[in-house]
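> Sequence unavailable; structure follows:
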């Protein structure tokens, strides 16, 4: 395993494998694997009396230099940065670009076997980490706690690794029935866990990967089959749009309640609160009608040790969680409605479950319903705090306002935090302090930081080296590029250590360390062939 009898080569491959293995587990061990890779490269240069030669090769490689310029841009952006602490921290986070690129451009590329070993070890490690996550946190599935299901790293980064693992298992199937069976089972598991994570971006990425794979595979098929499959791919966005429209209609369906003819008093004689203008919906039922707070509080506190006016296990106002949950069951929010709750319902509300259908419906559909509720709440109340999709809209709206005022050269590497804070104040944003975050869109963040010139150069530094080395002819790199690009639309992917390593490691591995025999792979080669 790990190549020839050359010890330095073996350590080199082992260090790369450790990086791939540790990505879904531990930032600390991931850093140690990088130190091992760098140390081995330096010591090998001294032992082989090639120390300065490898530095020369590392920093005269055209494609490598262009990719390194992405890090250089961030260092250069410190010149007009006021928040140097955050700017320097961003440069530190991007150090994997400076670590992997010089080493992999100055050492011989991996063989097909070495590349397969590194990538498959990483993919199987991702599967293993999700097995541990499920064993550790299986209870949160019934509570809709998709974020808590990812124990070791962010659920967003884990979803990216799962998508990439699917691509690796498909493209590196290889010979042998048992290998193919194992890979098929691993793919099914990755899909299952992505579903448990309720990752809408992950599902969207998988759809794009499947479309890319089918498009390439159909190139070598007969004309009728090829055009049939490609016509189906063209229709898929329409089918997805129709499904989304159906989900929206289901969410906003009327339950027959006439808001103009609501009861004024509960059975216990308490005056009901009704929001007739913007009552919101949960599972098709209006939330903020028929609310008798006094009755509900007394009935709740007879059945639960959790105070009515405190928070649930997720830190949400328990009153809101309870009222939403009862609305999802079609109950009135009074003492009679509270007595209708089973002990299991009480426990779920205490744990922060806001709807009867959470954990009892397909997680992706439940996540769509949650997004629709959040957007309905934002539309009605104007408050996006704590609601991921609505908050992202606020982030983008605020970020674009900043970008327009700094269009040419941006605000500098580290000033995204202070300019966002100032813009939120200027706009009198309804977001509370803890939710006043940055763009959550890597492309917008680069535009804000470095202006239009910096954004264009950043994209050039990503695209040109891959084009120069023929990476766009390699299915696995294209799959990784799709995953990374989509992630940049909804996250500041490279502003976290795991995200920056996912970016720098796989880019350098798939562009600069690609096996020589893969460079001239025919464009119509089936993805399944690896």
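Received the coordinates, thanks. Model, not experiment: these values are computed from the prediction.
> Run through the strands of the chain in chain order.
Assigned by DSSP state E, the chain shows strands spanning 281-282, 285-286.
> As a markdown table, those strands with mean pLDDT, mean neighbour count and distance to residue 411 would be great.
C-betas here are computed from N, CA, C, even on glycine. Conversion of these to a markdown table gives the following (pLDDT from 0 to 100; neighbours: other C-beta atoms under 10 Å; distance: least, C-beta to C-beta, whole Å):
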| stretch | mean pLDDT | mean neighbour count | distance to residue 411 |
| --- | --- | --- | --- |
| strand 281-282 | 86 | 23 | 41 |
| strand 285-286 | 89 | 22 | 45 |
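> Minimum distance to residue 354: which of these has it?
Residue 354 sits nearest to strand 281-282 of all these, at 7.3 Å, using C-beta to C-beta.
> and that closest one, which strands flank it?
Using DSSP bridges, the neighbouring strands of strand 281-282 in the sheet come out as strand 285-286 (antiparallel).
> what about residue 243, how many neighbours?
For residue 243, the number of neighbouring residues by other C-beta atoms under 10 Å comes to 12.
> whoops, residue 178 was the one
In terms of burial, residue 178 registers 7 neighbours under the definition other C-beta under 10 Å.
> circling back to that earlier point, turn the strands of the chain into JSON lines, including distance to residue 415.
Written out in JSON lines, the entries for these read as follows (distance: least, C-beta to C-beta, whole Å):
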{"stretch": "strand 281-282", "distance to residue 415": "41"}
{"stretch": "strand 285-286", "distance to residue 415": "45"}
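> what's the closest of those strands to residue 110?
Evaluated over these, closeness to residue 110 peaks at strand 281-282, with 52.7 Å, by C-beta to C-beta.
> Go ahead and name everything in contact with the closest one.
The set of residues that contact strand 281-282 without belonging to it, under C-beta atoms under 8 Å, 6 or more residues apart in numbering, is 251-252, 287, 324-325, 327-328, 354-355, 373, 376.
> give me that answer again for 7 Å
By C-beta atoms under 7 Å, 6 or more residues apart in numbering, the residues outside strand 281-282 that reach it are 251-252, 287, 324, 327-328, 355, 373, 376.
> again, but for stretch 456-469
62-63, 66-67, 69-70, 73, 446, 472, 477, 511-512.
> can we see that at 8 Å?
For stretch 456-469, the external contacting residues (C-beta under 8 Å, 6+ apart) are 62-64, 66-67, 69-70, 73, 446, 450, 471-472, 477, 481, 507, 511-512, 514, 519.
> picking that back up, let's have the contacts of strand 281-282 in TSV, adding distance to residue 96 and neighbour count.
Output for those, formatted as TSV (distance: C-beta to C-beta, whole Å; neighbours: other C-beta atoms under 10 Å):
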residue	distance to residue 96	neighbour count
251	42	19
252	45	11
287	46	25
324	42	24
327	47	29
328	45	22
355	41	22
373	38	21
376	41	20
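> Inside helices: which ones of the residues you listed?
When helices are assigned by DSSP state H, the members of the contacts of strand 281-282 inside them are 251, 324, 327-328, 373, 376.
> ok, the nearest residue to residue 122 once chain neighbours are set aside - contacts?
When the adjacent residues along the chain are set aside, residue 122 lies closest to residue 20, with 2.9 Å between them (C-beta to C-beta, 6 or more residues apart in numbering). Contact criterion C-beta under 8 Å, 6+ apart gives 118-119, 121-122, 125, 505 as the residues in contact with residue 20.
> out of those residues, which one sits closest to residue 175?
Proximity of the contacts of residue 20 to residue 175 (C-beta to C-beta) peaks at residue 119, which lies at 16.9 Å.
> just for this protein, where's the confidence low?
Counting by pLDDT under 70, the chain contains low-confidence ranges at 1-5, 138-147, 516-530.
> Can you give me the domain assignment for it?
As assigned by automatic domain parsing, the chain contains the domains 110-220+469-530, 222-251, 254-381.
> Name only those of the contacts of residue 20 that count as buried.
Restricting the contacts of residue 20 to buried positions leaves 118-119, 121-122, 125, 505, with burial counted as 16 or more other C-beta atoms under 10 Å.
> Show me those residues that map onto helices.
In helices, judged by DSSP H, the following of the buried ones among the contacts of residue 20 are found: 118-119, 121-122, 125, 505.
> From those residues, pick the one nearest residue 366.
Within those, proximity to residue 366 (C-beta to C-beta) peaks at residue 125, which comes in at 28.8 Å.
> returning to that earlier point: show me which of the contacts of stretch 456-469 are buried.
When neighbours are counted using 16+ other C-beta under 10 Å, the contacts of stretch 456-469 contain these buried positions: 63-64, 66-67, 69-70, 73, 446, 450, 471, 477, 481, 507, 511-512, 514.
> Tell me which two in those residues are the farthest apart.
Distances among the buried ones among the contacts of stretch 456-469 were taken as C-beta to C-beta; the most separated pair is 450 and 514, at 29.1 Å.
> I'd guessed residue 203 sits against residue 197; true?
No. In this structure, residue 203 is not within contact of residue 197 by C-beta atoms under 8 Å, at 9.6 Å.
> How many residues are close by residue 448?
The number of residues packed around residue 448, counting by other C-beta under 10 Å, is 29.
> What of residue 71?
Close neighbours of residue 71, defined as other C-beta under 10 Å, add up to 19.
> follow-up on the earlier one: a markdown table please, covering the ones in helices among the buried ones among the contacts of residue 20 and showing distance to residue 158.
Converted to a markdown table, these look like this (distance: C-beta to C-beta, whole Å):
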| residue | distance to residue 158 |
| --- | --- |
| 118 | 19 |
| 119 | 17 |
| 121 | 17 |
| 122 | 13 |
| 125 | 12 |
| 505 | 16 |
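> That's all I had, so thanks and see you.
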